[in-house]
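# Build me a model:
(chains A and B)
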Amino acid sequence: MESMLKVEKLNVNYGAIHAVRDVSLSINKGEIVTLIGANGAGKSSVIRAIMGLVKAKADEMTYTSPRDNNTVNILGRPAEEHVKLGIALSPEGRRILPQLTVEENLALGAYTRNDAQGIAEDVEYVYSLFPRLKERHRQKGSTLSGGEQQMLAVGRALMSRPDLLMLDEPSLGLAPILVDEVFGIIREINSQGRTILLVEQNAFAALKVAHKAYVLEVGAVGLSGTGAELLNNPKVRAAYLGG
Amino acid sequence: MNLNIFIQHFINALSLGSLYGLVAVGYTMVYGILRLINFAHGDIFMLGAYFVYFATIVYKLPWAVGVVTAIILTTICGLLVDRIAYKPLREAPRISALISAIGVSFFIENFAVVVFTGMPRPVVQPPILMKPIELSGGVRLIPLGILVPVVSFVLVGALLWLLYRTKPGLAMRAISFDIEATRMMGVSVNKIIALAFGLGSALAAVAGIMWALRYPRVEPFMGMTPGIKAFIAAVFGGIGSVPGAMIGGLILGFVEIMSVAFFPTLSGYKDAFAFLLLIMILLFRPTGLLGEKLEDKI
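Just a heads-up that it's a prediction; the model follows:
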């Protein structure tokens, strides 16, 4: 399988706090890879470092675009340039723009594109994934429910037509029925050919959809394996899946 | 007061208010994005007036060419102020940029004294703008009095179109809520910030040029009082809101002109009215007329 993202010995420091230590991971094209771990284990820091939103050190951080098979160094590259390479992030806490309408939030997601026709198609595609957003397309982001805001955050990230979609805690704060819906949609997006890096606290749901998983413990990778392996691992079961 | 005189006052208030509004828009855009009060904005306004003075009166360029040249030069100055004084402080505490803004303001004013001398210089008004037009009922209007509000409204209208109908405008509105989330969407934040400074400076240049035509003179400290008044207008209208800045400017213009028109004995207090308005709004409606409610600013 072709490698898409390769991270070797990633380190992130916030002042004296060593949030991420020597984390290495690799993502192959077409996979769903998940990063699980307790609160404060450094999951978000890893994803934010990959996106270029926090200063980080690493032996290697490279991205191979499936568009041209070019491998580029993405360490130290500003976040806005990642989008053009085909990487998008739906951040923790949704971070939708509260005073912009649903439509405007989606238009912002397509900021780097100029193909009006393709953008219009992708808006329809996002509405087909999340029909609730279509009903509320003229409403301001602040008027949406938590679940709808999460859908908007995922939809907005899809609007750049990313090859690698990174989702940071997409199920956080959602009702259980919505959690199932979100994971169903993650599978669907993946089956349409997008590679996904998923950061989750909901380890059970994440491991069920993941091809490969890494367990982060206080900033370092403790375990890794396929989703099924980790689901059956006694240590993971005890620590993250409630026995 | 007869109708004729009232109409003169009305036009006067509309002109003054729309000039305050035009300058206030620049304060409000920069504040909306960076939460920075750009104290140098009034001095950018002054530079616009000087540039048009030099272009048309010293270098004898035709007015149209002189005005365009002055707008371009002023815009460049506004961009330089951001690049030199504010951009290096983006990650610094907000107070650092604020102090830098005060420093830039003093620098530009005193630099202007050195380069242009402190002497006020008279501006020769183009006769076509000053020739009174007779309307029915003996009402006489000076074209400049009509031109100033018309130009101001057209420019603010164009700015609103840009903010609400174009991609850079969308990015500008987005940045004012969440800079990082906007970067994640592929927006080069520094380019959009520069655009806001550029547009604000261009509008301040137009205001400075029209101010120089109205009062016909330029001097290095001419930006101070209009700058402060425009800032009051921006706060009054709700800082961060472009329509609010324009409305705040108009209200301030009307209060200033009409208070003197109806109570001539209070004319010495006209600047005090502006500050009284500021104190009242801060006491009773701190977010201003059209200001965003705080709970939306998460």
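
# dump the residue contacts of residue 208.
In the absence of a named chain, this looks at chain A. Residues touching A:K208, when contacts are defined by Cβ atoms under 8 Å, 6 or more residues apart in numbering or on different chains, comprise A:183, A:227, A:231. No exception for glycine: its C-beta is placed from N, CA and C like everyone else's.

# please go with chain B instead
Applying Cβ under 8 Å, 6+ apart as the definition, the contact partners of B:G208 turn out to be B:44-49, B:52, B:74, B:223.

# What of B:A245?
Counting by Cβ under 8 Å, 6+ apart, B:A245 makes contact with B:21, B:24-25, B:27-28, B:233-234, B:237, B:239.

# same thing but 6 Å
Contact criterion Cβ atoms under 6 Å, 6 or more residues apart in numbering or on different chains gives B:21, B:24-25, B:28, B:234, B:237 as the residues in contact with B:A245.

# just checking, what packs against the helix or strand bottoming out on mean pLDDT in chain A?
Least confident helix or strand of chain A, by mean pLDDT, DSSP states H and E, is helix A:234-240 with a mean of 82. Helix A:234-240 sits against no helix or strand, with contacts defined as 3 or more Cβ pairs under 6 Å, 6 or more residues apart in numbering or on different chains; DSSP states H and E.

# Check which residues of stretch A:236-243 are buried.
Counting neighbours by 16 or more other Cβ atoms under 10 Å in any protein chain shown, one finds that the buried residues in stretch A:236-243 are A:236, A:239-240.

# Give the closest residue to whichever residue of the stretch 101-250 of chain B sits closest to chain A in space, chain neighbours not counted.
When distances are taken as Cβ to the nearest Cβ, the stretch 101-250 of chain B approaches chain A most closely through B:G186, which lies 3.2 Å from it. Nearest residue to B:G186 in three dimensions, chain neighbours excluded: A:V83, at 3.2 Å (Cβ to Cβ, 6 or more residues apart in numbering or on different chains).

# Pull out the buried positions in the strand or helix carrying the one you found.
A:V83 is part of helix A:79-85, with elements assigned from DSSP states H and E. Judged by neighbour count (16+ other Cβ under 10 Å), helix A:79-85 contains these buried residues: A:79-83, A:85.

# and whichever helix or strand comes after that helix, anywhere near chain B?
Once helix A:79-85 ends, the next helix or strand along the chain (criterion: DSSP H and E) is strand A:87-90. Yes. Applying Cβ under 6 Å from any Cβ of the partner chain, one finds strand A:87-90 in contact with chain B at A:L89.

# Against which helices or strands is strand A:87-90 packed?
Applying 3+ Cβ pairs under 6 Å, 6+ apart, one finds that strand A:87-90 makes contact with helix A:146-158, strand A:164-168.

# now the helix or strand just after it: mean pLDDT?
Using DSSP H and E, the helix or strand that follows strand A:87-90 towards the C-terminus is helix A:102-109. Per-region confidence: helix A:102-109 scores 97 on mean pLDDT.

# Could you list the residues in contact with helix A:102-109?
Under the contact criterion Cβ under 6 Å, 6+ apart, helix A:102-109 has outside partners A:96-97, A:123, A:133, A:136-137, A:139, A:141, A:152, A:156, A:159-160, B:170, B:174, B:185.

# orientation of that helix relative to helix A:146-158 in degrees?
Taking axes from the mean of the first three to the mean of the last three Cα atoms, to 10 degrees, one finds that helix A:102-109 is oriented at 30 degrees with respect to helix A:146-158.

# buried stuff in helix A:102-109?
Residues of helix A:102-109 classed as buried under the neighbour-count rule (16+ other Cβ under 10 Å) are A:102, A:104-109.

# Tell me which of the helices and strands packed on strand A:87-90 lies nearest to B:A112.
Taking Cβ to Cβ as the measure, the helices and strands packed on strand A:87-90 were each checked against B:A112, and helix A:146-158 came out nearest at 46.6 Å.

# Give me the distance between A:S142 and chain B.
Here the distance between A:S142 and chain B works out to 6 Å (Cβ to the nearest Cβ, to the nearest Å).

# Next: A:L231.
With distances taken as Cβ to the nearest Cβ, A:L231 is found 31 Å from chain B.

# now do A:L230
When A:L230 is compared with chain B (using Cβ to the nearest Cβ), they lie 29 Å apart.

# average pLDDT for stretch B:196-215?
Mean pLDDT, computed over stretch B:196-215, is 97.

# In CSV, list the C-alpha atoms belonging to that stretch.
Written as CSV, here are the backbone C-alpha positions of stretch B:196-215 (Å, rounded to 0.1, in the frame of the first residue of the first chain):
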residue,chain,number,x,y,z
ALA,B,196,-8.2,45.4,5.7
PHE,B,197,-5.4,47.9,6.3
GLY,B,198,-5.2,48.8,2.6
LEU,B,199,-8.9,49.3,2.3
GLY,B,200,-9.1,51.3,5.6
SER,B,201,-6.2,53.5,4.5
ALA,B,202,-7.7,54.1,1.0
LEU,B,203,-11.0,55.2,2.6
ALA,B,204,-9.1,57.4,5.1
ALA,B,205,-7.2,59.0,2.2
VAL,B,206,-10.5,59.8,0.4
ALA,B,207,-11.8,61.3,3.7
GLY,B,208,-8.6,63.3,4.2
ILE,B,209,-8.8,64.7,0.6
MET,B,210,-12.4,65.7,1.0
TRP,B,211,-11.6,67.2,4.4
ALA,B,212,-8.8,69.3,2.9
LEU,B,213,-11.2,70.5,0.3
ARG,B,214,-13.9,71.5,2.8
TYR,B,215,-11.7,73.4,5.3
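
# who in the stretch 151-298 of chain B is up against chain A?
Applying the criterion Cβ under 6 Å from any Cβ, the portion of the stretch 151-298 of chain B that neighbours chain A consists of B:170, B:174, B:177-178, B:181, B:183-188, B:296.

# Those residues: which two are farthest apart?
Largest separation among those by Cβ to Cβ: B:S188 and B:D296, giving 25.5 Å.

# For these two, work out which one has more neighbours and name it.
A count of neighbours by other Cβ atoms under 10 Å in any protein chain shown puts B:S188 above the other of B:S188 and B:D296, at 16 against 12.

# Got the phi and psi for the more buried one?
Phi and psi for B:S188, reported as degrees, to the nearest 10, are phi -80, psi 100.

# avg pLDDT for the longest helix anywhere in chain A?
In chain A, with assignment by DSSP state H, the single longest helix is helix A:176-191. Mean per-residue pLDDT for helix A:176-191: 93.

# For that helix, what is the distance to the chain centroid?
13 Å (Cα atoms, centre = their mean, to the nearest Å).

# next structured bit after the one helix or strand B:N4 maps to?
Using DSSP H and E, the element containing B:N4 is helix B:3-34. Downstream of helix B:3-34, the first helix or strand assigned by DSSP H and E is helix B:41-53.

# could you give the mean pLDDT of that following helix?
This predicted structure assigns helix B:41-53 an average pLDDT of 98.
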